[in-house]
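# sequence first, predicted coordinates after that:
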Amino acid sequence: MPASVKKRYLVTAALPYANGPLHIGHLAGAYLPADIYTRYQRLMGREILFVCGSDEHGAAITMRARKEGVSPREIVDKYHVLIRDTFQKLGIAFDIYHRTSEPLHHQTSQDIFRKLLEKGHFEERETEQYYDEIAGQFLADRYILGTCPMCGNPDAYGDQCEKCGASLSPDQLLQPRSALSGAMPIKRLTTHWYFKLNEHEAWLREWINTGQLDGKQLHDPATWKAHVVGQCNSWLDQGLQPRAMTRDLDWGVDVPPEIPHAEGKKLYVWLDAPIGYISATKQWATEHYDNWERFWKSDETALIHFIGKDNIVFHCLIFPAILRAHGEFILPINVPANQFLNLEGAKLSTSRNWAVWAHEYLEDLPGREDELRYNLIKNMPEQRDSEFTWKGLQETTNTELVANLGGFIQRVFVLLHKNYGGLVPQANWEQIFRSGWDAEQYITIDRELFALAKKLEAMGAEVERFQFRDALRTLMEISSAGNALLQFNEPWKATPERVEEVRAVLFTAIQYAVALSVAMRPFLPFAAARLRAQLNLLPFEDGGELVALINDLLEGNPVLWPNHPVGLPEHLFSRLTDEVVEKQIQKLHTAQPPTPAEAPPSSDSAYPPLKKTIPYEVFEQLDLRVATVVDAQKVEKADKLLRLTVDLGFETRTIVAGIAQHYTPEQVVGRQVLVVANLAPRKMRGIESQGMILMAEDAQGHLCFVRPDEGWPHGFSVR
RNA sequence: GGCGCGGUAGCUCAGCUGGUCAGAGCGUAUGAUUCAUAAUCAUAAGGUCGGGAGUUCAAGCCUCCCCCGCGCUACCA
């Protein structure tokens, strides 16, 4: 069943994580498409609810709070406000921007947890987990620091190394330490609830690929993006595993306290975050004396999740599985995830501060929200990663917004004032003139307006297919056709014998301007409102203006009647100067990594901190030896591993080293190296590694060998 | 290493189930025009659709191999 036949829509945009500001990648990824879609549907007179909110739980926030010496509450309050205001200033028009720290959300999440437990969708598992005896608590993955086994970064987190991007598990960290106390964590038993995701694999596969569930056609898989379906199948093919839905944390939604072993446990942030969509809906319903269930529990609702590609698995597999396991909720009819936006040729990076922060843009280029929106839509990463450049922003602003669109509006208003004192002229509908769509064609007003209506319909169809770039282009074709209409008919040459013709042309042109004012709104809400005022029309109410307009045009009715007085000509957009653009490019290239107070947590500092002092006896236990690499081979099916054969003089050993991305086998054969010779052997990719090669690492994570002077004898110890 | 998505004109990108699919916008060139923020309109430029092989009457669009980018995943003492 296509979305267009549903009675109402529920649109969600990924909940921003409240420990950092928004950047243009977030906007292009989820919020702009969601906003365009929502605004469009409102203009089409459809019932649509657009919910979002701050995601305020999770270990990253508590980590950050600890680092800055403030409470998690202070962190989330700060970013909740910043993000909310940024959205508002950019015209992202949520019906509600909620937050997951609200009691309503906690309650909602707990209710769902209870229901899942009650229905047997969890299994309780006792596992060993790191525990900090000094702090007296279990350590979330994020709370365990250690040396990254991939790149040697000494400050890798238990779930991820931010330096090399590797995803890790705490057990992989070398020299694990607690982020709370610095103590060496110990293993201790803890209980968690695992959602049996594996039991949902079969129906998820069918639902994703065919749109069918329980014999019902819930969506048309052809309307889903290829990369979304592909990503899901990739996961499904690897087999879904039960996932822990609780954590040992002190910030988040409590596991319902009446449940045995619940003490000290919180819901996993990825369980509670999407539930935030539901609690946001509830909050909205409460405020509007409405019923939230008609949005979440009715087949008449089309649920659409707008997200970036990093969220596909949660929104297409895990959350749907939870919704269905619960049993009362509908599933999304589409998850039009976007890919990533790059910036000036490189990936966005918050830790390197390679980004355009939305709140800074608003400060640096005030009043240019629509220009940013336009460029981001034009370059939206709908099918693949795409790119934002400042030059590109300047170009689209100056050529498409100022020259084409702004120019057309300006011309119409000027001509209307010059010729008719600012009143819409009375026009003869029999009058023939050249079509703006084709100079060779002579046409009448109604035919021209019909063509306009068709264009608006085409634009709408593109929006409904989530093809926002195409829709934007179609919008601009209207403006171009308007320009052509003027160009072909030259209404500035109002000779006496052309009076009727000029009237008809300008009458048509102002109808185009009205149509643009409405059709622009999803993309350029601020300029649309300005144009609306300039046209001397009532402000938008988001109550079906576009559908009314299209119907009028199709029926051959004008959308602005003769003698309607329009406002004075006023430029809709202004040019973006080289100066402004250069300054931003400068800023980007000279940007310092953000200060701790401004930055998301990051391990970037010039030098890794010193580890704690150890007694000599500990050092003495190390047996370091000089050795020569006599053979090196790439390990099958491993990108980072080399299997080295090293000669210690008194014996030859096999050592597996994670250096394949830094050295080719040829480069290492014959080198003298230092070896930790008494390290417990360990199997890697099926090969037993009998020691470890010492490597030095720089700030970028590059590795080099540590070795003695040329020709030093083998096998003797290092001290 | 495995899997997924991409690799199309100088730039940014469209191309649905194979047969007007070789395209759009910007940039460039030429011409027209002056109502308009040197804005607008028209026309053109010819890119072996990453490389190679294959299937087909017909392939950017299907198959196989290789190369490159991004993402997920495995490996990492």
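Yep, it's here.

# helix, strand, or coil at the one residue in the stretch 451-600 of chain A that gets nearest to RNA strand B?
Nearest residue of the stretch 451-600 of chain A to RNA strand B (Cβ to the nearest atom of the strand) works out as A:His571 at 2.6 Å. C-betas here are computed from N, CA, C, even on glycine. Classification of A:His571 by DSSP: H, G, I helix; E, B strand; the rest coil places it in coil.

# so who does it touch?
Each residue near A:His571 by Cβ atoms under 8 Å, 6 or more residues apart in numbering is listed here: A:Val402, A:Gly406, A:Gln410.

# what ranges of the stretch 101-250 of chain A fall below the confidence cut-off?
A:142, A:148-155, A:159-169, A:171-172 (pLDDT under 70).

# all strands for it, in order.
A:122-132, A:137-138, A:144-147, A:156-157, A:174-178, A:186-195, A:212-213, A:216-217, A:243-244, A:246-248 (DSSP state E, counting those that start in this stretch).

# please apply the same query to the stretch 551-700 of chain A.
A:624-634, A:642-647, A:652-657, A:672-676, A:682-684, A:687-689, A:692-693, A:695-697.

# what's the answer for the stretch 351-500 of chain A, then?
Going by DSSP E, counting those that start in this stretch, the stretch 351-500 of chain A shows strands at A:386-388, A:433-435, A:438-443.

# spatially central residue in chain A, please.
Nearest residue to the geometric centre of chain A (Cα atoms, centre = their mean): A:Gly308, 3.7 Å.

# the residue nearest to that residue when sequence neighbours are not counted: what's it in contact with?
Nearest in space to A:Gly308, with sequence neighbours left out and distances taken as Cβ to Cβ, 6 or more residues apart in numbering, is A:Gly29 at 3.6 Å. A:Gly29 is in contact with A:Ala14, A:Ile307, A:Gly308, A:Lys309, A:Asn338, A:Gln339, A:Phe340, A:Leu341, A:Pro381, counting by Cβ under 8 Å, 6+ apart.

# so in chain A, where's the weakest helix or strand by average pLDDT?
Counting by mean pLDDT, DSSP states H and E, chain A has its least confident helix or strand at strand A:156-157, which shows a mean of 70.

# how about that strand and RNA strand B, any contact?
No. Strand A:156-157 lies out of reach of RNA strand B by Cβ under 7 Å from any atom of the strand, never closer than 10.0 Å.

# tell me the spacing between the nearest residue to A:Met184 once chain neighbours are set aside and RNA strand B.
Of all residues not flanking A:Met184 in the chain, A:Arg177 sits nearest, at 6.1 Å (Cβ to Cβ, 6+ apart). Counting by Cβ to the nearest atom of the strand, to the nearest Å, the separation of A:Arg177 from RNA strand B is 15 Å.

# what's the neighbour count on A:Arg177?
A:Arg177: 23 surrounding residues under other Cβ atoms under 10 Å.

# how close does it get to A:Ala156?
Per Cβ to Cβ, to the nearest Å, A:Arg177 is found 11 Å from A:Ala156.

# likewise A:Thr210?
41 Å.

# looking at those two, which is more packed in?
Between A:Thr210 and A:Ala156, counted using other Cβ under 10 Å, the more crowded position is A:Ala156 (27 against 13).

# pretty sure the more buried one is touching A:Asp141, no?
No. Taking contacts as Cβ atoms under 8 Å, A:Ala156 lies outside contact range of A:Asp141: 10.7 Å.

# mind listing what A:Ile307 touches?
By Cβ under 8 Å, 6+ apart, the neighbours of A:Ile307 are A:Ala13, A:Ala14, A:Gly29, A:Ala30, A:His315, A:Val335, A:Ala337, A:Asn338.

# just give me the neighbour total for the second one.
As a burial measure, the neighbour count of A:Ala14 was computed by other Cβ under 10 Å and equals 25.

# and the gap between it and RNA strand B?
Look at A:Ala14 and RNA strand B: by Cβ to the nearest atom of the strand, they are 15 Å apart.

# just to revisit the earlier point, who are the contact partners of the residue nearest to A:Met184?
So A:Arg177 contacts A:Ile144, A:Leu145, A:Gly146, A:Ala183, A:Met184, A:Pro185 (Cβ under 8 Å, 6+ apart).

# now list the buried members of those residues.
Buried members of the contacts of A:Arg177, scored by 16 or more other Cβ atoms under 10 Å, are A:Ile144, A:Leu145, A:Gly146, A:Pro185.

# residues from the stretch 301-450 of chain A in reach of RNA strand B?
Close to RNA strand B, as judged by Cβ under 7 Å from any atom of the strand, the stretch 301-450 of chain A has residues A:309-310, A:339-340, A:347, A:378-379, A:381-387, A:392, A:395, A:398-400, A:402-404, A:406-408, A:410-411, A:414-415, A:418, A:439.

# list buried residues within those.
Counted by 16+ other Cβ under 10 Å, those give A:309, A:339-340, A:378-379, A:381-382, A:386, A:398, A:400, A:402, A:404, A:406-408, A:410-411, A:415 as buried.

# how about stretch A:279-292 as PDB, C-alpha atoms only?
Extracted in PDB, the C-alpha atoms of stretch A:279-292 (Å, rounded to 0.1, in the frame of the first residue of the first chain):
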ATOM      1  CA  SER A 279       7.000   9.300  24.000                       C
ATOM      2  CA  ALA A 280       7.400  12.400  21.900                       C
ATOM      3  CA  THR A 281       4.100  11.500  20.200                       C
ATOM      4  CA  LYS A 282       2.500  11.000  23.500                       C
ATOM      5  CA  GLN A 283       3.700  14.300  24.800                       C
ATOM      6  CA  TRP A 284       2.400  16.000  21.700                       C
ATOM      7  CA  ALA A 285      -1.000  14.300  22.000                       C
ATOM      8  CA  THR A 286      -1.300  15.300  25.700                       C
ATOM      9  CA  GLU A 287      -0.600  18.900  24.800                       C
ATOM     10  CA  HIS A 288      -3.100  18.800  22.000                       C
ATOM     11  CA  TYR A 289      -5.800  16.800  23.700                       C
ATOM     12  CA  ASP A 290      -5.300  14.100  21.100                       C
ATOM     13  CA  ASN A 291      -4.800  10.400  21.100                       C
ATOM     14  CA  TRP A 292      -1.300   9.200  20.400                       C
END
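
# and the residue nearest to A:Arg434 when sequence neighbours are not counted, how many neighbours?
Spatial nearest neighbour of A:Arg434, excluding adjacent residues (Cβ to Cβ, 6+ apart): A:Phe488 at 4.0 Å. A:Phe488 has 18 neighbours, counted by other Cβ under 10 Å.

# repeat for the one 4 residues further on
A:Trp492 has 12 neighbouring residues, counting by other Cβ under 10 Å.

# who touches the helix or strand hosting A:His305?
If you go by DSSP states H and E, A:His305 is part of strand A:301-306. The contact list for strand A:301-306, computed with Cβ under 8 Å, 6+ apart, reads A:3, A:6-14, A:30-31, A:33-34, A:37, A:277, A:294-296, A:315, A:330-338.

# ok now it, how far from the chain's centre?
On the basis of Cα atoms, centre = their mean, to the nearest Å, strand A:301-306 sits 16 Å off its chain's mean C-alpha point.

# so for the helix or strand immediately after it in the chain, mean pLDDT?
Of the helices and strands lying after strand A:301-306 in sequence (DSSP H and E), the nearest is helix A:312-313. What helix A:312-313 shows for mean pLDDT is 88.

# what packs against helix A:312-313?
Packed against helix A:312-313 by the contact rule (3 or more Cβ pairs under 8 Å, 6 or more residues apart in numbering; DSSP states H and E) you find helix A:226-238.

# which positions in stretch A:341-349 come out as buried?
A:Leu341, A:Asn342, A:Leu343, A:Glu344, A:Leu348.

# what about A:His261, which helix or strand?
A:His261 is part of no helix or strand, with elements assigned from DSSP H and E.
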